[in-house]
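Student: Got a sequence here, can you model it:
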Amino acid sequence: MPTSGDNTPALLARRHRPGHQALQPCPHLETTRQHYWPEDTGLGTKLWGPASDLQRTADFMGATELSI
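Tutor: Model (predicted):
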């Protein structure tokens, strides 16, 4: 996971991507994604699932440090 002090152009570009893109497969976030969703989980569940799935999505987005 990158540190908040890492401000390379590529990292900054990844931090400013739309939220829905972060929830889809991306090699830069794969380790973090696997922590929250070890099983294949559809985008619909991540965005419109029960409260427990929505909390997991919110926790994941917080862990990515993305600006959305």
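
Student: Please name every helix or strand in contact with the top helix by length along the chain.
Tutor: Secondary structure of the chain read by DSSP state H shows that its longest helix is helix 51-64. Packing partners of helix 51-64 (3 or more C-beta pairs under 8 Å, 6 or more residues apart in numbering; DSSP states H and E): helix 19-22, helix 30-36, helix 43-48. Where C-beta positions appear, they are placed from N, C-alpha and C, glycine not excepted.

Student: and Trp48, what is it in contact with?
Tutor: Counting by C-beta atoms under 8 Å, 6 or more residues apart in numbering, Trp48 makes contact with nothing.

Student: Over to Gly49?
Tutor: Gly49 neighbours (C-beta under 8 Å, 6+ apart): none.

Student: Roughly how far does it sit from Pro27?
Tutor: Going from Gly49 to Pro27 by C-beta to C-beta, to the nearest Å gives 24 Å.

Student: just to revisit the earlier point, show me what counts as buried in the longest helix of the chain.
Tutor: In terms of neighbour count (16 or more other C-beta atoms under 10 Å), helix 51-64 has its buried residues at 53, 56-57, 60-61, 64.

Student: Can you show me the CA trace of that helix as PDB?
Tutor: Presented in PDB, the C-alpha positions along helix 51-64 are these (Å, rounded to 0.1, in the frame of the first residue of the first chain):
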ATOM      1  CA  ALA A  51     -25.600  -2.800   4.800                       C
ATOM      2  CA  SER A  52     -22.800  -5.100   5.600                       C
ATOM      3  CA  ASP A  53     -21.600  -5.100   1.900                       C
ATOM      4  CA  LEU A  54     -21.900  -1.300   1.700                       C
ATOM      5  CA  GLN A  55     -19.800  -0.900   4.900                       C
ATOM      6  CA  ARG A  56     -17.200  -3.200   3.400                       C
ATOM      7  CA  THR A  57     -17.200  -1.000   0.300                       C
ATOM      8  CA  ALA A  58     -16.800   2.200   2.400                       C
ATOM      9  CA  ASP A  59     -14.000   0.600   4.400                       C
ATOM     10  CA  PHE A  60     -12.200  -0.400   1.200                       C
ATOM     11  CA  MET A  61     -12.500   3.100  -0.300                       C
ATOM     12  CA  GLY A  62     -11.100   4.600   2.900                       C
ATOM     13  CA  ALA A  63      -8.200   2.100   2.800                       C
ATOM     14  CA  THR A  64      -7.300   3.100  -0.800                       C
END
